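Participant: below are the sequence and a predicted model; questions follow.
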Amino acid sequence: MISTTNKNKQAEPNNKKLQKPNVFEAKGFNLWYGEDQALKNIDFDIAENNVTAIIGPSGCGKSTFLKSLNRMVELVPTVKMAGEIQYRGKNILSSKFGVEELRTKVGMVFQKPNPFPKSIYENVAYGPRIHGIRDKVTLDQIVETSLKGAAIWDEVKDRLHENAYGLSGGQQQRLCIARCLAIEPDVILMDEPTSALDPISTLKVEELVQQLKQNFSIVIVTHNMQQAARISDKTAFFLSGELVEYNDTDVIFSNPRDNRTEDYITGRFG
Ligand SMILES: Nc1ncnc2c1ncn2[C@@H]1O[C@H](COP(=O)(O)OP(=O)(O)OP(=O)(O)O)[C@@H](O)[C@H]1O
């Protein structure tokens, strides 16, 4: 079985863990691309200030579920959804729920770092500017705080006005995390954020995720089961569009309840 070495989680008393409110609650959530059903009757609570990992074989619906949480999945015109996803108690699938507001609260980091072709500074200042912040001193502060929050300030503070494309892949990914922090989200969705990175950059992003959960709730899709075991508090195992098992990460990796979870984490398929 895969070892779980999440020190924060081990230090956390059980009763405190139970008290964490949910940021998201999916209830009977279904999603179709055209006629093909990609998610089936998903019930899934995601707790505040946790790292929640989603694992499962290719095509099981991990990214689709993640992109449902900020309704980015609706960019695919054939998508139909049914059921509920509540964010802080409100159904985000309701026509009354403002998608722009949702996306300022629920930021996203993608598999491939995708900085804008602008300076490091402008990458981070872009979101706050869009939200109407013009004052240079305020923007300078946001840029510095966000880059510090993403553990990249020391590496870039002397080259803030250089193009972001001059950074390494791992630095670009942390810059994208800083860009996400600059709009002060509540939740950060991460879709395989380290799959394009080398091992050292991967470690830096993993350490960063552990720090970020003090202030944010994080949902991370990963193919890397060691990564899920290392950094997450809860793990959800998806298979063929269903949520097969969801539990504390140490339970999933040491004592899974469902045979299909056990087969997957022991490498029998996927
Ligand atoms: N834009 C799309 N149009 C039609 N079908 C799609 C689209 N995106 C995903 N699907 C289908 O939905 C199912 C779930 O895909 P999804 O990308 O969510 O899986 P995944 O678990 O994230 O896979 P991977 O690990 O390979 O990224 C798959 O059958 C996939 O082919």
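Facilitator: Ah, there it is.

Participant: phi, psi of the closest residue to V156 other than its chain neighbours?
Facilitator: Among residues not flanking V156 along the chain, I120 sits closest, at 5.2 Å (C-beta to C-beta, 6 or more residues apart in numbering). Where you see a C-beta, it was placed from the backbone N, CA and C, and this is true even at glycine. Backbone dihedrals for I120, given as degrees, to the nearest 10, come out at phi -60, psi -50.

Participant: show me the contacts for I120.
Facilitator: Residues near I120 by C-beta atoms under 8 Å, 6 or more residues apart in numbering: L147, V156, R159, L160, H161, E162, N163, A164, L167, L175.

Participant: quick one, helices of the stretch 51-200 of the chain?
Facilitator: All helices of the stretch 51-200 of the chain, identified by DSSP state H, counting those that start in this stretch, fall at 62-68, 99-105, 120-130, 136-149, 153-156, 169-181, 199-212.

Participant: residues in contact with the nearest residue to Y264 once chain neighbours are set aside?
Facilitator: Closest residue in space to Y264, ignoring its immediate chain neighbours: G270 at 5.1 Å, by C-beta to C-beta, 6+ apart. Contacts for G270 (C-beta under 8 Å, 6+ apart) come out as G56, P57, S58, Y264.

Participant: likewise for P115?
Facilitator: Counted by C-beta under 8 Å, 6+ apart, P115 has contacts N123, A164, Y165, L167, Q172, L175, C176, R179.

Participant: pLDDT score for V219?
Facilitator: Note on V219: pLDDT of 98.

Participant: do the one 10 residues further on as well
Facilitator: pLDDT, A229: 96.

Participant: which of the residues in the helix or strand containing it are buried?
Facilitator: Using DSSP states H and E, A229 sits within helix 225-231. For helix 225-231, burial by neighbour count (16 or more other C-beta atoms under 10 Å) applies to M225, Q227, A228, A229, R230, I231.

Participant: same check on stretch 232-244?
Facilitator: S232, D233, K234, T235, A236, F237, F238, L239, G241, E242, L243, V244.

Participant: then it to CSV, C-alphas only?
Facilitator: Output of stretch 232-244 as CSV, limited to C-alpha atoms (Å, rounded to 0.1, in the frame of the first residue of the first chain):
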residue,chain,number,x,y,z
SER,A,232,-4.3,15.2,0.4
ASP,A,233,-6.5,14.8,3.4
LYS,A,234,-9.4,13.1,1.5
THR,A,235,-9.3,11.1,-1.7
ALA,A,236,-12.1,10.3,-4.1
PHE,A,237,-11.8,7.3,-6.5
PHE,A,238,-13.7,7.7,-9.7
LEU,A,239,-14.4,4.9,-12.2
SER,A,240,-16.5,5.1,-15.4
GLY,A,241,-18.2,8.3,-14.3
GLU,A,242,-19.0,7.0,-10.8
LEU,A,243,-17.6,8.0,-7.5
VAL,A,244,-16.7,4.6,-6.2
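
Participant: doesn't Y33 make contact with G241?
Facilitator: No. Contact criterion C-beta atoms under 8 Å: G241 and Y33 do not qualify, at 10.7 Å.
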